[in-house]
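> need the 3D shape of this:
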Amino acid sequence: MANVKPLGDRVLLELKENTEEMKGGILIPDTAKEKPQEYVVVALGTGKNDDKGNKIPFDVKVGDIVLTSRYGGTEVKVDGKEFKVVNQEDILAIVG
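Predicted coordinates for the structure are as follows:
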């Protein structure tokens, strides 16, 4: 994702679309459900420094699948794809 580079301790996420089929063949996308959503980490910011000026490493890396609140962060659209920019602290968990 060369077009968008998050700054500071922000992380760029791409929604990992999953669907579930209900009886009767109706497909319900995960985006319609009330729960944390799965995203793929596509870019990391520059990070932040501790009190002594040392870089604090990110807890996630590009390619990780993570959970975050569907309402947190800032949604952006680039080249027709939807992404979300969140602070690293807004990531709830790494999946897998």
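
> please count neighbours and contacts with C-alpha atoms only from this point.
OK.

> could you pull out the strands for this structure?
10-15, 19-21, 27-29, 37-44, 48-49, 55-56, 65-68, 74-78, 81-87, 91-95 (DSSP state E).

> what's near enough to touch the closest residue to residue 6 other than its chain neighbours?
Counting by C-alpha to C-alpha, 6 or more residues apart in numbering, residue 6 lies nearest to residue 45, which is 4.5 Å off, once chain neighbours are set aside. If you count contacts by C-alpha atoms under 8 Å, 6 or more residues apart in numbering, residue 45 has them with 5, 6, 7, 8, 9, 10, 11.

> now for those residues, which pair is the farthest apart?
Largest separation among the contacts of residue 45 by C-alpha to C-alpha: 5 and 9, giving 11.3 Å.

> and for these two, which residues touch both?
With C-alpha under 8 Å, 6+ apart as the test, residue 5 and residue 9 both reach 44, 45.

> picking up where we left off before, any idea how far residue 17 is from the residue nearest to residue 6?
24 Å (C-alpha to C-alpha, to the nearest Å).

> and what of residue 10?
Taken as C-alpha to C-alpha, the span from residue 10 to residue 17 is 22 Å.

> the two: who's more crowded?
Shown here are residue 10 and residue 17; by other C-alpha atoms under 10 Å, residue 10 has more neighbours (22 against 11).

> for the more buried one, which non-adjacent residue is closest in space?
residue 87 (4.3 Å).

> any idea how many residues pack against that neighbour?
Neighbours around residue 87, by other C-alpha under 10 Å: 18.

> who touches it in this structure?
9, 10, 11, 73.

> coming back round to it: so which of the contacts of residue 45 is the most crowded?
So for those (other C-alpha under 10 Å), the most neighbours sit at residue 11, 28 neighbours.

> okay, and the helix or strand of this structure with the least pLDDT?
When the helices and strands of the chain are scored by mean pLDDT, DSSP states H and E, strand 19-21 comes last with a mean of 50.

> so which residue is smack in the middle of this protein?
residue 13 (3.1 Å; C-alpha atoms, centre = their mean).

> that one reaches residue 90, doesn't it?
No. Residue 13 is beyond contact range of residue 90, at 11.6 Å (criterion: C-alpha atoms under 8 Å).
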